[in-house]
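Colleague: sequence-free structure coming up:
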Ligand SMILES: [Zn+2]
């Protein structure tokens, strides 16, 4: 069962965090819906990485995919090492 939807502030704006079955990715950022959508079946480190990645898209809309990918991997890697996800 997916976790319940959440709301979060990103740069002062309200965004939804929603759960969705996604066969091709672990997450998406839907600007028109102001929603970060995540695949809840991902393992804990992958879900953390996808959350950091999609949050990065929202927070830094001018960054390209490669930099957002690096941001998500590096921040989530640190958080995993700090114990915020099960390895
Ligand atoms: Zn991306």
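Modeller: It's in. For clarity, every value in this text was computed on a predicted model and none was experimentally measured. Numbering: from 1, shown residues only.
Colleague: How about the contacts made by the residue positioned nearest the centre of the chain?
Modeller: The C-alpha lying nearest the average C-alpha coordinate of the chain belongs to residue 51 (Cα atoms, centre = their mean; 1.7 Å). Counting by Cβ atoms under 8 Å, 6 or more residues apart in numbering, residue 51 makes contact with 17, 27, 36, 38, 76. Using the backbone N, CA and C atoms, a C-beta is placed for each residue, glycine as well.
Colleague: Dump these into TSV; add pLDDT as well.
Modeller: Supplementary listing: these in TSV, determined by pLDDT from 0 to 100:
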residue	pLDDT
17	98
27	97
36	98
38	97
76	97
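Colleague: who wins for most neighbours among those?
Modeller: Sorting those by how many neighbours each has (other Cβ atoms under 10 Å) puts residue 38 first, at 25 neighbours.
Colleague: Go ahead and confirm it touches residue 29.
Modeller: No - counting by Cβ atoms under 8 Å, residue 38 does not reach residue 29; the two are 10.2 Å apart.
Colleague: which one is residue 20 nearest to, not counting chain neighbours?
Modeller: In this structure, residue 20 finds its nearest non-sequential neighbour in residue 37, 4.7 Å apart by Cβ to Cβ, 6 or more residues apart in numbering.
Colleague: Tell me the spacing between the one you found and residue 82.
Modeller: 26 Å (Cβ to Cβ, to the nearest Å).
Colleague: Over to residue 32?
Modeller: From residue 32 over to residue 82 (counting by Cβ to Cβ), the distance is 34 Å.
Colleague: what's the answer for residue 15, then?
Modeller: 24 Å.
Colleague: More neighbours: which of the two?
Modeller: residue 15 (22 against 8).
Colleague: Now tell me what touches the helix or strand where the more buried one lies from outside.
Modeller: If you go by DSSP states H and E, residue 15 is part of strand 13-19. Residues outside strand 13-19 that contact it (Cβ under 8 Å, 6+ apart) are 2-3, 5-9, 33-40, 51, 58.
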